[in-house]
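>>> the sequence and its predicted three-dimensional model are supplied below.
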Amino acid sequence: MRTTTRSALPPSAVRATAASVVGMLAVAIVSSTPNSPYYPILPDGVQAEGPLRWIADLLQLQRLDDAGLMLVGLVAVVAAAVGFILILREAWHGRVSVRMVVLIAVVFHLIVLTLPLLFSRDVYSYAYYGRIWNSYGANPYVATPSHFRLNAMFGFTWPGWRGTPSVYGPLFTWVSVVTTGLLRSVTSQIRGFQILAAMASLGTLFVVWRLVKRVRPERAVFAVAVIGLNPIVVFHVVGGGHNDMLVAFFVACAIACVFAKRDLAAALCLGLGMSVKASAIVPLILLIVAIAANADPERRARLLAKYAAVVGGVWLLLAAPFLQSSNPTLGMFELSGHDSGKAPGQLLVSALTWAGKAIGGPAAETPAMITAHVLLFGASFVVVFLIARRIWTDPAARQPTALAAAWGWALIATILLAPMLGAWYLVWVLPVAWALPRVARRTLVLLCLAFTVTELVTENSHLPEPIRSVRLPFGHPVAIAVCVWIAADLIRRLSRGTPLEEETPEPRFGDRFEAGPSMPKHIELPVTRAIVPGSEEDAERPRGALGPVTLVHPR
């Protein structure tokens, strides 16, 4: 990978930039069309205005029926996906500039803020939980939208979530409370969450850019492009007003703090991320393991107590008004009971549910489903545990770049093994995508492309009648395929002791995990030497917050 210093873009970069801009504009134009397949249910009178709407009208898109408009929408998202992969390739090879990527990203974010709500109804649930506190004086972790059916938001909320209390962390519940307190109409509240998502997205982009241009400058353009030019980020997360970008922002701030040797601040950032969505607990666990492993054994308990007091204290301060005995986990147990047809784990859920029903009748269906969920969470725990063990036993795995890669691996595993999978979950990994090796990095990009293309219709009413009732009972095929692919690479790395951040040849299906005919039994590895405390080298080296001993790698 190389960084270009030429002022003129090479032809491939010009083509990729044009493809990215055209693809994203195509999606925005379809998003400006009345009855767009990208729309969830919208409040009366809400529609796109301005130049994009004029272009949509000029193209007569409003005259198409649902099937025709869905076909046009499919062409648009395919174009956006193609543009994204082309611009990423140019960014990886340093053939486009950070300035250009950032400029285009900002323009995309501004454009999407002129559009109605896109691709999801989750934002209505966000607002409803805030209204439960503001308008009714009830606890959103106990009361549900179904308790207040006369609220104007009830008809917009997704039916499957109307009887569910909040499943978000206390920090985001306070965000919902403040947003619905300041903004009174449904339309203004939607726009408020979209603006918050856009600010979090651009904030994440800025933090990642500042970090990567310092620690891995050859990957800085890619690190920015995979966030700012990503159709999932622009249309699903910002356009949908999702809170997942706040999680990504806190993950970005945390890894920046790790490189700055401010471990307590990093833990606090991840604690705040966990107070938005529980997924941020995964990198928090790995960070705490790294900190504990580097601490002197006699100081370890005191250090862990300090971190627990700071992170736990902030969480309790935010959660205190919502704590009660009927839902002590603040929605976490409730969340574990939900699933989606896109998750690869749905294959296991469907298989066990079918087997339970066949063997024990309808009464065995629910226990079988619970068993499948327990197995999925157990598999996710095992992956995080194995990565944590690598961090605990290998000092090199506790270096900042290695730690960033470990967070990325663990978050990808959490996403793929969860019973629920939304396209917007992928943004949790984007702040550390630059640190991932080839297979994990490509897995993330492939998932973004797959969901860009296939997450086309928000409401079933937009679907043609023959496919309206079709539901994937086994999970997203691309997600299942990449799950197997990335699992093979992770198992190989863990079994051979290969660093989680190291670029290596991709695994081939059928590869054995021990030395074979095509693999030398004796491999010369770079020598790793420790700098002994008190030596001349120790006096000259910079001090690191993640431990008193620095490991020096010739590679």
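Looks like it arrived, so ask away.
>>> and the residue nearest to Arg219 when sequence neighbours are not counted, helix, strand or coil?
Leaving aside its sequence neighbours, Arg219 sits nearest to Trp434 (C-beta to C-beta, 6 or more residues apart in numbering; 4.5 Å). For every residue, glycine as well, the C-beta is placed using N, CA and C. When the structure is reduced to helix, strand and coil (DSSP: H, G, I helix; E, B strand; the rest coil), Trp434 reads as helix.
>>> number of nearby residues for Trp434?
Burial measure for Trp434: 27 neighbouring residues, criterion other C-beta atoms under 10 Å.
>>> dump the residue contacts of it.
Contact analysis of Trp434 by C-beta atoms under 8 Å, 6 or more residues apart in numbering lists Val208, Val212, Arg216, Arg219, Ala220, Phe222, Ala223, Val226, Ala404.
>>> let me have those residues in JSON lines, extended by neighbour count.
Putting these into JSON lines (neighbours: other C-beta atoms under 10 Å) gives the following:
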{"residue": "Val208", "neighbour count": "28"}
{"residue": "Val212", "neighbour count": "26"}
{"residue": "Arg216", "neighbour count": "16"}
{"residue": "Arg219", "neighbour count": "21"}
{"residue": "Ala220", "neighbour count": "24"}
{"residue": "Phe222", "neighbour count": "26"}
{"residue": "Ala223", "neighbour count": "26"}
{"residue": "Val226", "neighbour count": "28"}
{"residue": "Ala404", "neighbour count": "28"}
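>>> which one of the residues you listed sits closest to Met274?
Ala404 (17.9 Å; C-beta to C-beta).
>>> how far away is that closest one from Val384?
The gap separating Ala404 from Val384 is 16 Å, by C-beta to C-beta, to the nearest Å.
>>> and what of Val237?
Following C-beta to C-beta, the distance that separates Val237 from Val384 is 24 Å.
>>> equivalent analysis for Phe235, please.
When distances are taken as C-beta to C-beta, Phe235 and Val384 turn out to be 30 Å apart.
>>> repeat that for Asn139.
Following C-beta to C-beta, the distance that separates Asn139 from Val384 is 31 Å.
>>> ok, Ala292 next?
Computed with C-beta to C-beta, the distance linking Ala292 and Val384 is 15 Å.
>>> of these two, who's got more company?
Under the criterion of other C-beta under 10 Å, the comparison of Ala292 against Val384 puts Val384 first, with 23 against 17.
>>> in this structure that one contacts Leu286, no?
Yes. Here Val384 lies in contact with Leu286, judged by C-beta atoms under 8 Å, at a distance of 7.4 Å.
>>> what touches both of these two?
Shared between the contact lists of Val384 and Leu286 (criterion: C-beta under 8 Å, 6+ apart) are residues Ala410.
>>> all helices of the stretch 401-550 of the chain, in order?
Counting by DSSP state H, counting those that start in this stretch, the segments of the stretch 401-550 of the chain that form helices are 438-454, 477-496, 536-540.
>>> list the buried residues in the longest one.
In this case it means helix 477-496. Of the residues in helix 477-496, 478-480, 482-483, 485-490, 492-494 count as buried by neighbour count, 16 or more other C-beta atoms under 10 Å.
>>> report all helices and strands that it contacts.
For helix 477-496, the contact count by 3 or more C-beta pairs under 8 Å, 6 or more residues apart in numbering; DSSP states H and E identifies helix 365-393, helix 400-417, helix 438-454 as packing neighbours.
>>> over to the first one?
When contacts are defined as 3+ C-beta pairs under 8 Å, 6+ apart, helix 438-454 sits against helix 66-92, helix 400-417, helix 477-496.
>>> relative to Ala305, which of those is closest?
helix 400-417 (22.0 Å).
>>> for that closest one, what is the distance to the chain centroid?
Centroid displacement of helix 400-417 relative to its chain, using C-alpha atoms, centre = their mean, to the nearest Å, is 11 Å.
>>> cool, stretch 396-411 as well?
Per C-alpha atoms, centre = their mean, the displacement of stretch 396-411 from the mean C-alpha position of its chain is 16 Å.
>>> quick one: contacts of that stretch?
The contact list for stretch 396-411, computed with C-beta under 8 Å, 6+ apart, reads 215-216, 251, 255, 258-259, 279, 282-283, 286-287, 290, 293-294, 383-384, 387, 390-391, 428-429, 432-437, 440, 444, 490, 499-501, 528, 546-547, 551, 553.
>>> same question, stretch 96-107
Outside stretch 96-107, the residues within contact range by C-beta under 8 Å, 6+ apart are 4, 9, 13, 16-17, 20-21, 87, 90-91, 202, 205, 209, 213, 220-221, 224-225, 227-229.
>>> got the buried residues for it?
By neighbour count, with 16+ other C-beta under 10 Å as the criterion, the buried positions of stretch 96-107 are Val96, Ser97, Val98, Met100, Val101, Val102, Ile104, Ala105.
>>> kindly report the same for stretch 48-59.
Going by 16+ other C-beta under 10 Å, stretch 48-59 has these buried residues: Ala48, Leu52, Arg53, Ala56.
>>> and what of stretch 374-389?
Along stretch 374-389, these residues count as buried under the neighbour rule (16+ other C-beta under 10 Å): Leu376, Phe377, Ala379, Ser380, Val383, Val384, Leu386, Ile387, Ala388.
>>> for the helices and strands packed on helix 438-454, give me CSV that also has distance to Leu117 and mean pLDDT.
As requested, the helices and strands packed on helix 438-454 are exported to CSV (distance: least, C-beta to C-beta, whole Å; pLDDT from 0 to 100):
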stretch, distance to Leu117, mean pLDDT
helix 66-92, 16, 93
helix 400-417, 24, 95
helix 477-496, 25, 89
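>>> what would these look like in JSON lines with distance to Ile359?
Below are the helices and strands packed on helix 438-454 laid out as JSON lines (distance: least, C-beta to C-beta, whole Å):
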{"stretch": "helix 66-92", "distance to Ile359": "40"}
{"stretch": "helix 400-417", "distance to Ile359": "25"}
{"stretch": "helix 477-496", "distance to Ile359": "25"}
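>>> of all these, which one is nearest Pro165?
The minimum distance between Pro165 and the helices and strands packed on helix 438-454 falls on helix 400-417, with 22.5 Å, by C-beta to C-beta.
>>> send me the closest one as PDB with only the CA atoms.
The C-alpha coordinates for helix 400-417 follow below in PDB (Å, rounded to 0.1, in the frame of the first residue of the first chain):
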ATOM      1  CA  PRO A 400      -2.400  -0.700  20.900                       C
ATOM      2  CA  THR A 401      -2.600  -1.800  17.200                       C
ATOM      3  CA  ALA A 402      -3.000  -5.400  18.300                       C
ATOM      4  CA  LEU A 403      -5.600  -4.500  20.800                       C
ATOM      5  CA  ALA A 404      -7.600  -2.500  18.100                       C
ATOM      6  CA  ALA A 405      -7.600  -5.600  15.900                       C
ATOM      7  CA  ALA A 406      -8.700  -7.800  18.900                       C
ATOM      8  CA  TRP A 407     -11.700  -5.400  19.400                       C
ATOM      9  CA  GLY A 408     -12.600  -5.700  15.700                       C
ATOM     10  CA  TRP A 409     -12.400  -9.500  15.700                       C
ATOM     11  CA  ALA A 410     -14.500  -9.800  18.900                       C
ATOM     12  CA  LEU A 411     -17.100  -7.300  17.700                       C
ATOM     13  CA  ILE A 412     -17.500  -9.100  14.400                       C
ATOM     14  CA  ALA A 413     -18.000 -12.400  16.200                       C
ATOM     15  CA  THR A 414     -20.500 -10.800  18.500                       C
ATOM     16  CA  ILE A 415     -22.500  -9.500  15.500                       C
ATOM     17  CA  LEU A 416     -22.400 -12.700  13.500                       C
ATOM     18  CA  LEU A 417     -23.300 -14.900  16.500                       C
END
